[in-house]
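In: I'd like to go over a predicted model; first the sequence, then the structure.
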Amino acid sequence: MKIPKIIMTFLFLLLIIGCTKDPNDTDNGTPRVDKSANLKALGASANELLSDAKFTSLTVEIVYVSGFKPTDVALNNLKQFLTKHTFKPDGVEITLRAVVSSNKAPFSIEEIAKVEADERSVYNTGDEIAVFLYVADGSNENDEDNKLVLGSAFRNTSVVLYGKTIERIANNSNAVSKSDVESAVLNHEFGHLFGLVDVGSPMQVDHEDPESQAHCKVNGCLMNANIEFGGSIIDMIDSNIPALEDLCINDLVANGGR
């Protein structure tokens, strides 16, 4: 029995349509990156950052406004902190890239998110998890005379440091260096990405500061609110960059970290 030519033509067209890729999957011929895994709430990727169950390597993409590059000392301290508290057998990599000012300071967190959308180039892929860190050339819009925001972890893999505010804090002190302040703030914000305190890594023992959500109430702990808000960061740093106290470390270990 012969199949009518019109039916054969229809079947051929179905085969072509069925094998054609959705044009929405590409941008001018380039495969579109799935960004959804990096646009979740703070703490949502705590276990993925800490353990090697899903991701065996970590890349930190640091994008800074020209003139606000983090110090080499702070970057080395950050890498040591990440290596110390995570299981990433294929390594931790930090990349750096300078960009021009957005001229949006003082910043709202929505404006920082817009900068991320424009500048971020590294997202989770394969067995590699990626974090975006922006060093801004200005301050946070909510700064007050007695409360300066030095940094913020605002998504599961997104961080901002307010470079100009960090410089201001460091320049007003003879006791600590810019690299000390940067190190403390960098490590503190990654502590939030790791789910501290109780924002992705459940507390094994209650140690959250009742006056500052997601911060540790143990004096001297890296996750104390004074690190993020600069209230008395100079006194906390003194001659040593604060470390995580045992209660915070226990939370990380329970969630797949070191």
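Out: Done, it's in.
In: if I read this right, F55 contacts N124, doesn't it?
Out: Yes. Between F55 and N124 there is a contact at 7.3 Å, judged by CB atoms under 8 Å. Every residue, glycine included, has its C-beta placed from N, CA and C.
In: and the two? Which one has more around it.
Out: F55 (24 against 21; other CB atoms under 10 Å).
In: quick one: the strands in the stretch 151-258 of the chain?
Out: Along the stretch 151-258 of the chain, counting by DSSP state E, counting those that start in this stretch, strands occupy 151-155, 158-162.
In: same question for the stretch 1-150 of the chain.
Out: For the stretch 1-150 of the chain, the strands defined by DSSP E, counting those that start in this stretch cover 26-27, 30-31, 57-65, 92-99, 128-136.
In: and the residue nearest the centre of this protein?
Out: Taking CA atoms, centre = their mean, the centroid of the chain lies closest to S158, which sits 3.3 Å from it.
In: dump the residue contacts of it.
Out: Counting by CB atoms under 8 Å, 6 or more residues apart in numbering, S158 touches N38, A113, E116, V131, F132, L133.
In: just M236 next, same as before
Out: Going by CB under 8 Å, 6+ apart, M236 touches A184, G220, N224, N226, I227, P242.
In: contacts for stretch 79-88 next, please.
Out: Under CB under 8 Å, 6+ apart, the answer for stretch 79-88 is 49-52, 55-58, 60, 92, 94, 186-187, 190, 194, 244, 249, 252, 256-258.
In: picking up where we left off before, so what sits opposite the residue nearest to the centre of the chain in the bridge?
Out: Taking DSSP bridges, one obtains F132, R155 as the residues bridged to S158.
In: next one: A46 from S183, what distance?
Out: Distance, A46 to S183, by CB to CB, to the nearest Å: 21 Å.
In: returning to what we had before: so which of the contacts of S158 is the closest to N140?
Out: Using CB to CB, A113 comes nearest to N140 of the contacts of S158, at 13.3 Å.
In: I figured the closest one hits V159, correct?
Out: No. If you go by CB under 8 Å, A113 and V159 don't touch, sitting 11.7 Å apart.
In: comparing these two, which residue is more hemmed in?
Out: V159 (26 against 17).
In: residues contacting that one?
Out: V159 makes contact with V131, F132, L133, Y134, G151, S152, A153, E189, F190, L193, according to CB under 8 Å, 6+ apart.
In: now do the helices in the protein.
Out: 5-19, 46-50, 72-85, 109-119, 163-171, 178-193, 225-229, 233-237, 246-254 (DSSP state H).
In: rebuild those as CSV, extending it with mean pLDDT and distance to D143.
Out: Below are the helices of the chain laid out as CSV (pLDDT from 0 to 100; distance: least, CB to CB, whole Å):
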stretch, mean pLDDT, distance to D143
helix 5-19, 34, 56
helix 46-50, 98, 28
helix 72-85, 98, 21
helix 109-119, 97, 13
helix 163-171, 92, 7
helix 178-193, 96, 14
helix 225-229, 82, 9
helix 233-237, 80, 14
helix 246-254, 98, 26
